[in-house]
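> build me a model:
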Amino acid sequence: MLRFAPLMPENTCVWADLLAVSFDRSPADMRALLDWLHTGYPIVAWGAWDGERLAAQYSCRLVDLHLPGEDRPALAGMSINMAVHPDYRGQGLIKHLAHPVYEQVAALGGVAGVGFSNAEGVKVDLKSKSYGYRVVGEMVSTALWAARCRAEKLELTNEWPEGRFSSTAAPSRRIQLTTTPEGLRHRFACHPFRHYRYGVWRDQSGIRGIVVYRPMRYGPLRGVSLLAAYSDDLEELLSRWISTLCEDGLRLIHVLTSPKSAIRGYLRTLGFSVDMPCTRTPYFLTAKPLAENTPSDFFNFARWDCLGGDVL
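Numbering: from 1, shown residues only. Sure, this is the predicted structure:
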């Protein structure tokens, strides 16, 4: 008989062993990942135990979401790293573990569960109605061939920029994750095994904007994957970033966004873009109501503004 109980940081060793088996990573990598999660975010997690063996786990990172027209953000639970040991699959453990996790999230004031699921995760969502997740929409994969522009340049660096960040966001009419300078630093600069590059726009007030991206190759072409961008003037930030990339001979840019993302709209004015008709690794935004007052906009993909960097 399996025992269901909350998972805590002191369970890290066995928890990491389960994640390592499930995601084909080393236990050391997964221990570092769990340490990073627990030091940076409120985490709600439950596990299924077979004696001293962790058979499955389900966890949520608590996130604040900006809702248009609301003065205060809404609390949600973002599902991350659900995992079942191969010896225990096929028993519906994810559904059983999700129930106490979301009960706890709702008790803390959460109005919804959200997630970015791959194709396998969506199969779980659709298979069980009692699990409660709905597929809101598929993220759009877009390739841009940037046009050369005359915008001023910015700094490209492998190091997270130190300094005062004057603003992390432009006003938005859509739902998006809220950000703080400290949160961005932890998320991108402190990750134990992911490495990023940054485009940094500085002015007299300090750091005016940051672009987060990774180098990529598409056949013989060198390019970049845009993961996130933060500024009170996203259009100017992206223009400066693309101008700097073009000077370095990089004109191919890939981005994964919701259809109505502001950044996707700005990029389409900065070169020739095409939405990829299919992708080998599709991602879907999913959502689950947790309260009677869960906003209906949570289930309207046109009301969301999210990027590949939101997929943790």
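> what number of residues lie near Trp241?
Neighbour count of Trp241, defined by other C-beta atoms under 10 Å: 28. Quick note: C-beta positions are derived from backbone N, CA and C, even for glycine.
> name the SS class of it, please.
helix (DSSP: H, G, I helix; E, B strand; the rest coil).
> got phi/psi on the closest residue to it other than its chain neighbours?
Counting by C-beta to C-beta, 6 or more residues apart in numbering, Trp241 lies nearest to Gly199, which is 4.2 Å off, once chain neighbours are set aside. Note on Gly199: backbone dihedrals following degrees, to the nearest 10 are phi -100, psi 130.
> pLDDT score for Gly199?
At Gly199, the pLDDT value in this model is 98.
> mind listing what's buried in the helix or strand harbouring Arg214?
Under the criterion of DSSP states H and E, Arg214 resides in strand 206-218. Within strand 206-218, the residues scored as buried using 16 or more other C-beta atoms under 10 Å are 207-214.
> cool, stretch 11-30 as well?
Going by 16+ other C-beta under 10 Å, stretch 11-30 has these buried residues: 11-12, 14-22, 27, 30.
> next one: it to chain centre, how far?
In terms of C-alpha atoms, centre = their mean, to the nearest Å, the gap separating the centre of stretch 11-30 from the centre of its chain is 20 Å.
> one step back: may I have the strand holding Arg214 as PDB, with CA atoms only?
As requested, C-alpha coordinates have been extracted for strand 206-218 and formatted as PDB (Å, rounded to 0.1, in the frame of the first residue of the first chain):
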ATOM      1  CA  GLY A 206      20.800  51.900 -14.900                       C
ATOM      2  CA  ILE A 207      19.600  48.800 -16.700                       C
ATOM      3  CA  ARG A 208      16.600  49.700 -19.000                       C
ATOM      4  CA  GLY A 209      16.100  46.200 -20.400                       C
ATOM      5  CA  ILE A 210      17.400  42.700 -20.600                       C
ATOM      6  CA  VAL A 211      17.000  40.100 -23.400                       C
ATOM      7  CA  VAL A 212      17.600  36.400 -22.500                       C
ATOM      8  CA  TYR A 213      18.600  34.100 -25.300                       C
ATOM      9  CA  ARG A 214      20.700  31.000 -26.400                       C
ATOM     10  CA  PRO A 215      22.800  30.400 -29.400                       C
ATOM     11  CA  MET A 216      21.400  27.800 -31.800                       C
ATOM     12  CA  ARG A 217      22.100  26.300 -35.200                       C
ATOM     13  CA  TYR A 218      19.700  25.300 -37.900                       C
END
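> what about the helices in the stretch 201-312 of the chain?
Per DSSP state H, counting those that start in this stretch, the stretch 201-312 of the chain carries helices over the ranges 234-247, 262-267.
> average pLDDT across the last one?
Along helix 262-267, the predicted local confidence has a mean pLDDT of 93.
> counting by contacts, list what it packs against.
strand 140-146, strand 221-231, helix 234-247, strand 252-257 (3 or more C-beta pairs under 8 Å, 6 or more residues apart in numbering; DSSP states H and E).
> contacts for the third one, please.
By C-beta atoms under 8 Å, 6 or more residues apart in numbering, the surrounding residues in contact with helix 234-247 are 146, 148-154, 156, 170, 199, 201, 208-209, 211, 224, 229, 231, 251, 253, 262-263, 266-267, 270-271.
> on that earlier part again, contacting residues for the residue nearest to Trp241?
For Gly199, the set of contacting residues under the criterion of C-beta under 8 Å, 6+ apart consists of 154-156, 210-211, 213, 237, 240-241, 244.
> if we use 6 Å, what do you get?
Gly199 makes contacts with 154, 156, 211, 241, as judged by C-beta atoms under 6 Å, 6 or more residues apart in numbering.
> same deal with Val140?
Contacts of Val140 by C-beta under 6 Å, 6+ apart are 257, 259, 275.
> rerun at 10 Å
Contacts here follow C-beta atoms under 10 Å, 6 or more residues apart in numbering; on that basis Val140 touches 255-261, 264, 275-276, 279, 282-283, 301.
> distance check, it against Arg150.
29 Å (C-beta to C-beta, to the nearest Å).
> same deal with Ser273?
From Ser273 across to Arg150, the span is 20 Å (C-beta to C-beta).
> look at the two and report which has more neighbours.
Under the criterion of other C-beta under 10 Å, the comparison of Ser273 against Arg150 puts Ser273 first, with 16 against 6.
> ok, back up a step: out of the helices of the stretch 201-312 of the chain, which comes closest to Phe4?
Each of those has some distance to Phe4 by C-beta to C-beta; the shortest is helix 262-267, at 40.6 Å.
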